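*Asks:* With the input below, show me the fold.
(chains A and B)
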Amino acid sequence: MSKVRVRFAPSPTGGLHLGGVRTVLYNYLFAKKHNGDFIVRIEDTDQTRFVESAEQYIFDCLNWCGLEPDESVLHGGPYGPYRQSERKESYRQYAEQLVKDGYAYYAFDTKEELEKMREDLKTAENPSPQYDHTSRKKMKNSLTLTEAEVKDLLVNSTPHVIRIKMPENEVISFTDMIRGEISFETGLVDDKVLLKADGMPTYHLAVVVDDYLMKITHAFRGEEWLPSAPVHLLLWKYLGWQKDMPQWAHLPLILGPNGKLSKRDGAKYGFPVFAMNWADPKTNELTEGFKEKGFLPEAFINLLAVLGWNDGTEQELYSMPELIEKFSMDRVHVAGAKFDYEKAKWFNHEWIKKVKVSGLRFEVKNLLIKNRITVPDDSLLDKTIELVKDRCTLLPDFVQQSSFFFKTPEQLDVDAVKPKWSDEKRDFFIAYAEKLSGIGNWELGILEAAFKDLAAEKNIKPGELQLPLRIMLVGGKFGPPVFQIAELIGKNETIKRINNAMKQF
RNA sequence: GCCGCGUUGGUCAAGGGGUUAAGACGCCUCCCUUUCACGGAGGAAUCACGGGUUCGAAUCCCGUACGUGGUACCA
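*Replies:* Here you go, the predicted model:
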């Protein structure tokens, strides 16, 4: 059996969508599981939708996700170029061959003529008429024109396209790796344009030619391609490559709260839909990404992997190597899955708990610096991360959960203590601060014991004193156990915070 | 409209003729902790609907409904 080769073929038109990343992921997992190659091919055949920065952006996203291609415009490889615009010249010959063999034809209709046809044929029953075996007879193409007329038009370089000639009455079927047998009546499918007037291929021609030339063995793409699959199948056949045709799998869609997931949903419901921040160079509109929202790539990959796939066990947390080991296309769900942001956050939380401190250090430090908190000491940072990571769902949560380790809280939640504050408690804290200043061995157990002994001495329940102490040290009702905080921030800082806070109570 | 694909709790889902229909997220109650979390123990679903087939159907078949995708010289 030949080496497994799969490809992800994005078009550089904008941000990389959740569904897009999952498609890459499944490609990647399948390839790696079978010791195959993962190729990224840029489908930039639509010059009108091309966005300059989008290509680099896509690679940045893949890199962040840890989905490194084996071959691509950036990684090179023996089957280049990996940008379809650079392969432009190679497509025409195949289209011409199809015309010669009677499987395709020239069409000279102008945009206006096409519009007119659609307008004329439009009825209540048929709101969107196609350019197909019924309507092509009335159009301006090499099927209706004489040979001489066609030749003349061609010689005068009249703008034209090449369209596939869909058979009138055939049934074409194939086996989808996740859906099984699927069949279509060819007469219901339109005569898709194969080669555009500008000489560029459409997706339909390019995907077949390039998959063939690049020796792709398995073609995975979104379910939205299913309706045009018969065109591709026919092309493989007409070009005489049928025995080399890849196996297909059409992946289910990822849906938003109301149907198809769109980047609008992100803004509307407050969750990211792109892998990374995407700033549209045309509109300057910024769409937030999972990365910037504070997701770990491990979590992002994990949640995407199990959105539509499971290995049949109860396991939900998977690392990339585990996914590679366990992934299989036939366990991919057939139906679309609604994206659940709450669960996505849960995955991130789990990964933050799971990942080692060293894996968090860089991001957390950056976040703190961005929030004007200086981190003088990496070992303090590490201890802090270890202490608070259980209570962080998204990376930015570290700012609130750990900033008080590095700087005195600016604002204290005085309302939390004031109602129950008393002179007795004030006395206690004055005495405690004094006691603390005499402690030589600054460590958790001693601080806590001193606290409890003094409380007993003063006849106050220690529980009633803990919240005030927390507010003094942290500023609010959150954070790890108080004495651990005191231990970490040190003697001077602890005493200072106690004294300062009392002025406000 | 037509064509394709789909339909197990609010969400992700296991299960593919006989099960008390797993598990997870979220929600609620309780325990732990006199912060917030973590952790632990519980609570809530007859499988879209209608017909078949069968001794027996969430599981097989057919309809209907609903959802979703396509119906571009976009991918």
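*Asks:* Three-state assignment for A:Leu233, please.
*Replies:* The three-state label given to A:Leu233 by DSSP: H, G, I helix; E, B strand; the rest coil is helix.
*Asks:* Contacts only, for it.
*Replies:* With contacts taken as Cβ atoms under 8 Å, 6 or more residues apart in numbering, A:Leu233 has the following neighbours: A:172, A:174, A:245. (Glycine included, C-beta is placed from N, CA and C.)
*Asks:* Chain neighbours aside, what residue packs nearest to A:Leu469?
*Replies:* Take A:Leu469 and drop its neighbours on the chain: the residue closest to it by Cβ to Cβ, 6 or more residues apart in numbering is A:Val482, 5.3 Å away.
*Asks:* Kindly apply the preceding question to A:Tyr103 instead.
*Replies:* Counting by Cβ to Cβ, 6+ apart, A:Tyr238 is the residue found nearest to A:Tyr103 once chain neighbours are left out, at 4.2 Å.
*Asks:* mind listing what that neighbour touches?
*Replies:* By Cβ under 8 Å, 6+ apart, the contact set of A:Tyr238 is A:98, A:101, A:103-104, A:164.
*Asks:* Equivalent analysis for A:Pro159, please.
*Replies:* A:108, A:110, A:197.
*Asks:* The second one - how many residues pack around it?
*Replies:* A:Thr110 sits with 12 neighbouring residues when counted by other Cβ atoms under 10 Å.
*Asks:* Can you tell me how far it is from A:Met139?
*Replies:* Counting by Cβ to Cβ, to the nearest Å, the gap from A:Thr110 to A:Met139 is 11 Å.
*Asks:* what do you get for A:Gln93?
*Replies:* Distance, A:Gln93 to A:Met139, by Cβ to Cβ: 25 Å.
*Asks:* A:Ile498 versus the residue nearest to A:Ala450 when sequence neighbours are not counted, what's the distance?
*Replies:* What sits nearest to A:Ala450 in space, not counting adjacent residues and going by Cβ to Cβ, 6+ apart, is A:Lys435, at 5.4 Å. Distance check for A:Lys435 against A:Ile498: by Cβ to Cβ, it reads 11 Å.
*Asks:* quick one: which of these two has more around it?
*Replies:* Counted by other Cβ under 10 Å, A:Lys435 and A:Ile498 do not tie: A:Ile498 has more neighbours, with 19 against 15.
*Asks:* List the buried residues for the host helix or strand of that one?
*Replies:* Assignment of secondary structure by DSSP states H and E places A:Ile498 within helix A:491-504. If you call a residue buried by 16 or more other Cβ atoms under 10 Å, then helix A:491-504 has these buried ones: A:491, A:493-495, A:497-498, A:501-502.
*Asks:* wait, doesn't A:Leu304 sit right on A:His17?
*Replies:* No. In terms of Cβ atoms under 8 Å, A:Leu304 does not count as a neighbour of A:His17; the distance is 10.9 Å.
*Asks:* higher neighbour count, those two?
*Replies:* Neighbours of A:Leu304 and A:His17, each counted by other Cβ under 10 Å, are more numerous for A:Leu304; the result is 26 against 20.
*Asks:* So what's the residue count around A:Lys477?
*Replies:* A:Lys477 has 11 neighbours, counted by other Cβ under 10 Å.
*Asks:* try A:Lys88
*Replies:* Neighbour count of A:Lys88, defined by other Cβ under 10 Å: 16.
*Asks:* likewise A:Asn366?
*Replies:* Summarising burial for A:Asn366: neighbours were counted as other Cβ under 10 Å, giving 12.
*Asks:* What of A:Lys122?
*Replies:* The number of residues packed around A:Lys122, counting by other Cβ under 10 Å, is 12.
*Asks:* Equivalent analysis for the one 5 residues further on, please.
*Replies:* The local packing count at A:Pro127 equals 8, with neighbours defined by other Cβ under 10 Å.
*Asks:* Just the element for it, please.
*Replies:* Assigned by DSSP H and E, A:Pro127 falls within no helix or strand.
*Asks:* Roughly how far does it sit from A:Lys192?
*Replies:* Using Cβ to Cβ, one gets 19 Å for the distance from A:Pro127 to A:Lys192.
*Asks:* before we move on, what about A:Glu113?
*Replies:* Using Cβ to Cβ, we find A:Glu113 at a distance of 17 Å from A:Lys192.
*Asks:* Looking at those two, which has the bigger crowd around it?
*Replies:* Looking at A:Glu113 and A:Lys192 with other Cβ under 10 Å, you find the greater number of neighbours at A:Lys192, namely 23 against 13.
*Asks:* I'd guessed that one sits against A:Pro230; true?
*Replies:* No. With contact defined as Cβ under 8 Å, A:Lys192 does not reach A:Pro230; the gap is 9.8 Å.
*Asks:* least trustworthy helix or strand in chain A by mean pLDDT?
*Replies:* Lowest mean confidence among the helices and strands of chain A (mean pLDDT, DSSP states H and E): strand A:259-260, at a mean of 76.
*Asks:* which other residues reach that one?
*Replies:* Defining contact as Cβ under 8 Å, 6+ apart, one finds that strand A:259-260 is touched by A:Leu253.
*Asks:* what's the following helix or strand after it?
*Replies:* Note on strand A:259-260: by DSSP H and E, the next helix or strand toward the C-terminus is helix A:263-269.
*Asks:* Find the residue closest to A:Phe405 in space, skipping its chain neighbours.
*Replies:* Looking at A:Phe405 with Cβ to Cβ, 6+ apart, the closest residue is A:Thr384, at 4.6 Å.
*Asks:* who are the neighbours of the strand or helix carrying that neighbour, in terms of helices and strands?
*Replies:* In this structure, A:Thr384 sits in helix A:378-388 according to DSSP H and E. Under the contact criterion of 3 or more Cβ pairs under 8 Å, 6 or more residues apart in numbering; DSSP states H and E, helix A:378-388 touches helix A:357-370, helix A:397-406, helix A:482-489.
*Asks:* List the buried residues in the last one.
*Replies:* Going back to what we said before, that points to helix A:482-489. By 16+ other Cβ under 10 Å, the buried positions in helix A:482-489 come out as A:482-483, A:485-489.
*Asks:* count of residues packed around A:Met276?
*Replies:* Look at A:Met276: counted by other Cβ under 10 Å, it has 22 neighbours.
*Asks:* residues touching the residue found closest to it once you drop the neighbours it is linked to in the chain, list them.
*Replies:* Nearest non-adjacent residue to A:Met276, counting by Cβ to Cβ, 6+ apart: A:Gly289, 3.7 Å away. A:Gly289 sits next to A:15, A:61, A:272, A:274-278 when contact means Cβ under 8 Å, 6+ apart.
*Asks:* Which of the residues you listed fall within helices?
*Replies:* Cross-referencing those against helices under DSSP state H gives A:Cys61.
*Asks:* which two in the contacts of A:Gly289 are spaced the farthest apart?
*Replies:* Checked with Cβ to Cβ, the contacts of A:Gly289 reach their widest spread between A:Cys61 and A:Pro272, with 11.9 Å between them.
*Asks:* Check which residues of the host helix or strand of A:His349 are buried.
*Replies:* Counting by DSSP H and E, the element that carries A:His349 is helix A:341-354. Of the residues in helix A:341-354, those buried under the neighbour-count criterion (16+ other Cβ under 10 Å) are A:341, A:344-345, A:347-352.
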